[in-house]
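**Student:** Starting from these lines, generate the structure:
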Amino acid sequence: MLLGKKRSHPTSTSTMKSGIVDSKRQFLEQRLKEVMTLFQQQTELIPNIDTLPTAQLKPDADLSVYNTPLVKNYSVDISLLWSLSSALYKGKVQTWIRDLVSPGLSSQLELNQIQHASDPFVSTFTYLSFGQRELACEEAKKNNEFQLAMYISHSEFKDVKAVVKEYMNTLKTQGQWQTMSIFHKRCCYILAGHLGYVDEDNFIVTEKSSWQCTLGMYLWYGNRFDEPVSLAKYNKAFDESVVNIRHFKTIKNIARPDVSCLWYQLLQWWLGDASLARLDTWPLDLVWLLSIYKPSSSIDSSYALKWIEKAESMDEAEFSIYAALFMPSPEERINYILRQCEWKDEQKLLNEYYIPSKNIHIAKALNAHDDWNFDEEYEILLQGQLYEQAKMTLLYFVLPRYFKYDTAASIEKCLSFVNAYPKDKDELIQLIQSTLIYLLDDNKNTETSEILLQKLKDLTPKYGGRNTQVLFKNLIEAMMF
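**Tutor:** Just a heads-up that it's a prediction; the model follows:
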């Protein structure tokens with residue numbers, strides 16, 4: 001017998017559409033269709049025999065395709081989330097953070113030049129702190145620091161930390177380091193990957209830089225070239241469990257980030273401390289996509305379920321089914337959506353989504369069952385060649401409903417249902433068919449009656465259920481009259 005539960009629906013009055021256009025909902029529907037259309041282009045389904053297809057990203061899948069002009073309708077914070085996710089997926093986060101801080105460069109440069117007019121390397125440092133290596137290189141050349149300029153230029157393409165440290169040691173050995181300006185030294189420390197407190201010179205390399213530029217410096221200069229880009233070194237700078245005076249001074253003087261900033265949360269989630277991310281404040285479509293494009297992230301499956309339910313709520317059943325195929329264990333949810341029968345294109349489900357015919361027919365049958373339309377349920381199960389389930393529906397619901405042994409019309413009605421069942425498929429169905437034909441026969445035979453009666457009595461104990469037991473009881477009584 002088919003079991004389960006159908007979703008309850010609100011009354012018809014509550015589902016009537018308002019004459020007023022809900023612009024917010026309209027935009028959300030537009031965005032959902034855009035995301036799901038792009039997602040279908042980015043993914044593929046591999047059919048399997050008698051089971052749901054294998055759903056996967058295409059080899060050339062690209063998260064950045066979802067950063068469409070529609071995203072500009074969101075707030076700046078949300079737009080930055082989308083652009084950063086694209087940059088992270090493409091491995092261009094260092095360029096992204098440089099572009100983010102660049103609008104503040106000119107004002108910071110002017111301020112630094114005024115405050116430190118006597119230091120010729122303040123402009124070089126400022127450009128480095130904004131990730132502008134080319135401009136920093138030119139400034140170093142203006143001050144005849146050609147070796148530093150070379151290191152600045154090369155630092156974008158290879159790891160120069162070791163050679164810069166050697167250069168610094170040479171300067172110290174030759175006695176030149178002691179006469180160098182603070183910002184000249186800070187430029188060297190940046191290229192050497194030393195961005196915290198320096199005992200020897202008693203300053204913080206990134207001191208008085210904005211938290212965004214400080215973060216950028218750790219991304220541009222803090223990682224080794226032979227290692228993935230990471231925020232491990234940056235996060236360690238704020239680790240209060242480390243006990244030493246140099247680290248304490250770094251923590252005290254380094255600009256702290258705004259942990260409520262959404263793009264900062266995403267950056268940490270991808271490259272550093274994922275616990276800082278408040279996923280509930282991010283766009284649902286982004287969180288769902290991240291769970292698929294970055295499966296190692298271990299995003300809770302509840303976000304996928306929310307996205308699927310959102311598609312359902314917007315009458316996009318086919319989209320919700322397609323999205324559900326990418327859940328770790330999709331069958332339960334897909335069968336639930338199928339059961340609502342709110343989808344429109346059965347051929348698409350069969351030929352494009354590769355949903356097994358059995359799943360669709362069972363879902364349609366359950367939908368009919370939920371509406372107490374047992375005749376249709378039986379017909380659907382037969383169409384799907386689900387004979388065992390059809391048999392149970394026939395015995396438990398259809399025949400008990402119609403069989404009245406004292407009227408030929410009811411017997412003929414039951415016989416029409418039994419005759420629809422394929423011949424030679426089931427012993428009990430054949431027995432019931434023979435019994436109904438016998439009851440309609442005017443020339444009854446005692447021997448035939450006794451044989452049928454005995455067979456009914458023998459098979460009756462094998463089937464439980466009140467309706468079925470009443471059916472067998474009525475058939476037996478009809479044979480005895």
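
**Student:** Ranking helices and strands of this structure by mean pLDDT, which lands last?
**Tutor:** helix 245-253 (a mean of 73; mean pLDDT, DSSP states H and E).

**Student:** And the helices in the stretch 201-350 of the chain?
**Tutor:** Assigned helices in the stretch 201-350 of the chain, in chain order: 211-221, 232-236, 245-253, 262-271, 284-293, 302-313, 317-324, 331-340, 346-351 (criterion: DSSP state H, counting those that start in this stretch).

**Student:** Which stretch among these approaches residue 436 most closely?
**Tutor:** helix 331-340 (32.4 Å; CB to CB). The C-beta positions use only the backbone N, C-alpha and C, and glycine is treated the same way.

**Student:** Run through who's touching the closest one.
**Tutor:** Outside helix 331-340, the residues within contact range by CB atoms under 8 Å, 6 or more residues apart in numbering are 4, 6-7, 52, 305, 308, 312, 317, 320-321, 324-325, 327, 343, 349, 355, 359-360, 362-364, 366-367, 370.

**Student:** and the angle from it to helix 302-313?
**Tutor:** Interaxial angle of helix 331-340 relative to helix 302-313 (axes from the mean of the first three to the mean of the last three CA atoms, to 10 degrees): 10 degrees.

**Student:** any idea how far residue 197 lies from residue 182?
**Tutor:** 14 Å (CB to CB, to the nearest Å).

**Student:** Now do the shared contacts for these two.
**Tutor:** Contact with both residue 197 and residue 182 is made by residues residue 203, according to CB under 8 Å, 6+ apart.

**Student:** Around residue 76, how many other residues sit close by?
**Tutor:** 10 (other CB atoms under 10 Å).

**Student:** ok, it to residue 281 distance?
**Tutor:** Distance, residue 76 to residue 281, using CB to CB: 14 Å.

**Student:** who's in contact with residue 230?
**Tutor:** 223, 271, 272.

**Student:** Next one: the spatially closest residue to the last one that is not a sequence neighbour, what pLDDT does it get?
**Tutor:** Nearest residue to residue 272 in three dimensions, chain neighbours excluded: residue 231, at 3.1 Å (CB to CB, 6 or more residues apart in numbering). You'll see residue 231 listed with a pLDDT of 96.

**Student:** Tell me if I'm right that residue 231 and residue 269 touch.
**Tutor:** No - in this structure, residue 231 is not within contact of residue 269 by CB atoms under 8 Å, at 10.1 Å.

**Student:** Next, work out how far apart residue 263 and residue 277 are.
**Tutor:** Residue 263 is 11 Å from residue 277, by CB to CB.

**Student:** pLDDT below threshold where in the chain?
**Tutor:** 1-21, 243, 245, 248, 481 (pLDDT under 70).

**Student:** Show me the strands in it, by range?
**Tutor:** Taking DSSP state E as the criterion, the chain carries its strands at 43-46, 54-57, 197-198, 203-204.

**Student:** Take these and write them to a markdown table, including distance to residue 82.
**Tutor:** Output for those, formatted as a markdown table (distance: least, CB to CB, whole Å):
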| stretch | distance to residue 82 |
| --- | --- |
| strand 43-46 | 19 |
| strand 54-57 | 18 |
| strand 197-198 | 36 |
| strand 203-204 | 34 |
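
**Student:** How far off centre is stretch 162-175?
**Tutor:** Centre-to-centre, stretch 162-175 and its host chain are 51 Å apart (CA atoms, centre = their mean, to the nearest Å).

**Student:** And stretch 446-457, by the same measure?
**Tutor:** Distance, stretch centre to chain centre, for stretch 446-457: 62 Å (CA atoms, centre = their mean).

**Student:** what's the closest non-adjacent residue to residue 163?
**Tutor:** Using CB to CB, 6+ apart, the nearest residue to residue 163 is residue 151, at 7.0 Å.

**Student:** I meant residue 234, not that one.
**Tutor:** The nearest residue in space to residue 234 (CB to CB, 6+ apart) is residue 218, at 3.9 Å.

**Student:** Hmm, the one you found is touching residue 233, no?
**Tutor:** Yes - contact criterion CB under 8 Å: residue 218 and residue 233 qualify, at 5.9 Å.

**Student:** the more surrounded of these two?
**Tutor:** When residue 218 and residue 233 are compared for neighbours, residue 218 comes out ahead with 24 against 17, by other CB under 10 Å.

**Student:** so how far is residue 195 from that one?
**Tutor:** On the measure of CB to CB, residue 218 and residue 195 end up 6 Å apart.

**Student:** joint contacts of the two?
**Tutor:** 233, 237.

**Student:** quick one: the helices in the stretch 1-150 of the chain?
**Tutor:** Under DSSP H, counting those that start in this stretch, the stretch 1-150 of the chain gives helices at 23-42, 76-90, 93-101, 105-115, 122-129, 133-142, 146-154.

**Student:** Point out the most buried one among those helices.
**Tutor:** helix 122-129 (a mean of 25; mean count of other CB atoms under 10 Å).

**Student:** now that one, how far from the centre of its chain.
**Tutor:** On CA atoms, centre = their mean, the centre of helix 122-129 falls 41 Å from that of its chain.

**Student:** what sits up against it?
**Tutor:** 105, 108-109, 112-113, 116, 133, 135-136, 139-140, 143, 145, 148, 152, 183-184, 186-187, 190-191, 206, 209, 213, 216-217, 221.

**Student:** Show me which residues of the least confident helix or strand of the chain are buried.
**Tutor:** 247, 249, 250, 251 (16 or more other CB atoms under 10 Å).

**Student:** List the contacts of the third one.
**Tutor:** Okay, so that is residue 250. So residue 250 contacts 196, 197, 204, 237 (CB under 8 Å, 6+ apart).

**Student:** let's go with 10 Å and repeat that
**Tutor:** 195-198, 204-207, 236-239, 242, 244 (CB atoms under 10 Å, 6 or more residues apart in numbering).

**Student:** how about the nearest residue to it, chain neighbours excluded?
**Tutor:** residue 196 (4.0 Å).

**Student:** Now for the nearest residue to residue 134 once chain neighbours are set aside: which residues touch it?
**Tutor:** The spatially closest residue to residue 134, leaving aside those adjacent along the chain, is residue 153, at 7.6 Å (CB to CB, 6+ apart). Residues near residue 153 by CB under 10 Å, 6+ apart: 133, 134, 136, 137, 138, 140, 141, 160.

**Student:** ok, back up a step: overlap in contacts, residue 218 and residue 233.
**Tutor:** What both residue 218 and residue 233 touch, as defined by CB under 10 Å, 6+ apart, is the set 193, 195, 196, 272.

**Student:** okay if I get these as a markdown table plus distance to residue 403 and neighbour count?
**Tutor:** Below are these laid out as a markdown table (distance: CB to CB, whole Å; neighbours: other CB atoms under 10 Å):
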| residue | distance to residue 403 | neighbour count |
| --- | --- | --- |
| 193 | 86 | 22 |
| 195 | 86 | 24 |
| 196 | 87 | 21 |
| 272 | 71 | 19 |
